[in-house]
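Chemist: Sequence and predicted structure below; questions after.
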Amino acid sequence: MTNTNETQHRGRSGRSGLVALNLALLAILGLVTLSPQVGAQMEGNDMRVRGVYTVIGSDTLGETASTIHVLDSANREIVSLRWNESTKALEGLGFRDLVRDVNSDPER
């Protein structure tokens, strides 16, 4: 009979432990859900729209490697890259913000 009482006691304590764990997890979920946004999350007008990309290849004068130009027409930006054979990686050659270029002083 003592074995039955011990088993029932362990079953109740195990169940109450699971209930306590579930309540703690529910509290954590509530805190995460209701917490304010952090600085790394963009809001409002700072949101960057999803890019629409066009890739253009070109030869580079004086270089053996070709250059690729990636145009993001949604955000109006362009970046130029080339493959570096020794490091086996793309190298950035230049970046332009096309909106800034259009709004810049044409006399300069």
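Modeler: That came in fine, so what should we check first? Numbering: from 1, shown residues only.
Chemist: For the rest of this, base every contact and every neighbour count on C-alpha atoms.
Modeler: OK.
Chemist: Poorly predicted segments of the protein, please.
Modeler: Applying pLDDT under 70 to the chain picks out residues 1-11, 38-46, 108.
Chemist: Please repeat the previous calculation with a cut-off of 80.
Modeler: Applying pLDDT under 80 to the chain flags the ranges 1-14, 36-48, 105-108.
Chemist: tell me which element Q37 is part of?
Modeler: If you go by DSSP states H and E, Q37 is not part of any helix or strand.
Chemist: Near it, how many other residues are there?
Modeler: Counted with other C-alpha atoms under 10 Å, residues neighbouring Q37 total 11.
Chemist: how far away is it from L31?
Modeler: 12 Å (C-alpha to C-alpha, to the nearest Å).
Chemist: now do S80
Modeler: Distance from S80 to L31, by C-alpha to C-alpha: 44 Å.
Chemist: again with S86
Modeler: Where L31 is concerned, S86 sits at a distance of 50 Å (C-alpha to C-alpha).
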